[in-house]
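Colleague: Kindly return the folded structure for what I paste below:
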Amino acid sequence: MRVHNLGPHTFISEQPHSRNHEWLTSFTPAQRRQLIDEDLHARTEIAMVMASAMVFGIIIAMIAYLIAL
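Modeller: Numbers count the residues shown, from 1 in each chain. The predicted structure is shown next:
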């Protein structure tokens, strides 16, 4: 999945920036790529944590159901 828009609130900045692409000109292409990669990595890790928690909850519910029988 390739993300093309960093958005205005990707990271905390002391200088406010508008919702257009003007503020992106202060970054080099390598820096923009790094921001996108870091964002994608963080989103992937969060998705894995949430999926793991859901699977763990389902397993616990199945165990509780089997014990209750």
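
Colleague: Quick check: which ranges of this protein have low pLDDT?
Modeller: Across the chain, the ranges flagged by pLDDT under 70 are 1-24.

Colleague: What segments of it are strands?
Modeller: Taking DSSP state E to define them, one finds no strands in the chain.

Colleague: quick one, helices of it?
Modeller: 29-68 (DSSP state H).

Colleague: give me the number of residues near L35?
Modeller: Neighbour count of L35, defined by other CB atoms under 10 Å: 16. Quick note: C-beta positions are derived from backbone N, CA and C, even for glycine.

Colleague: gap between it and M62?
Modeller: 41 Å (CB to CB, to the nearest Å).

Colleague: Output stretch 52-63 in PDB with nothing but the alpha carbons.
Modeller: Written as PDB, here are the backbone C-alpha positions of stretch 52-63 (Å, rounded to 0.1, in the frame of the first residue of the first chain):
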ATOM      1  CA  SER A  52      -3.800 -10.000  18.200                       C
ATOM      2  CA  ALA A  53      -6.100  -8.600  21.000                       C
ATOM      3  CA  MET A  54      -9.200  -9.600  19.000                       C
ATOM      4  CA  VAL A  55      -7.900 -13.200  18.500                       C
ATOM      5  CA  PHE A  56      -6.900 -13.500  22.100                       C
ATOM      6  CA  GLY A  57     -10.400 -12.300  23.200                       C
ATOM      7  CA  ILE A  58     -12.100 -14.800  20.900                       C
ATOM      8  CA  ILE A  59      -9.900 -17.600  22.300                       C
ATOM      9  CA  ILE A  60     -10.700 -16.600  25.900                       C
ATOM     10  CA  ALA A  61     -14.500 -16.500  25.000                       C
ATOM     11  CA  MET A  62     -14.300 -19.900  23.400                       C
ATOM     12  CA  ILE A  63     -12.500 -21.300  26.500                       C
END
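
Colleague: Check which residues of it are buried.
Modeller: By neighbour count on 16 or more other CB atoms under 10 Å, the buried set for stretch 52-63 is empty.

Colleague: ok, and what's touching it?
Modeller: Among residues not part of stretch 52-63, none is counted as a contact by CB atoms under 8 Å, 6 or more residues apart in numbering.
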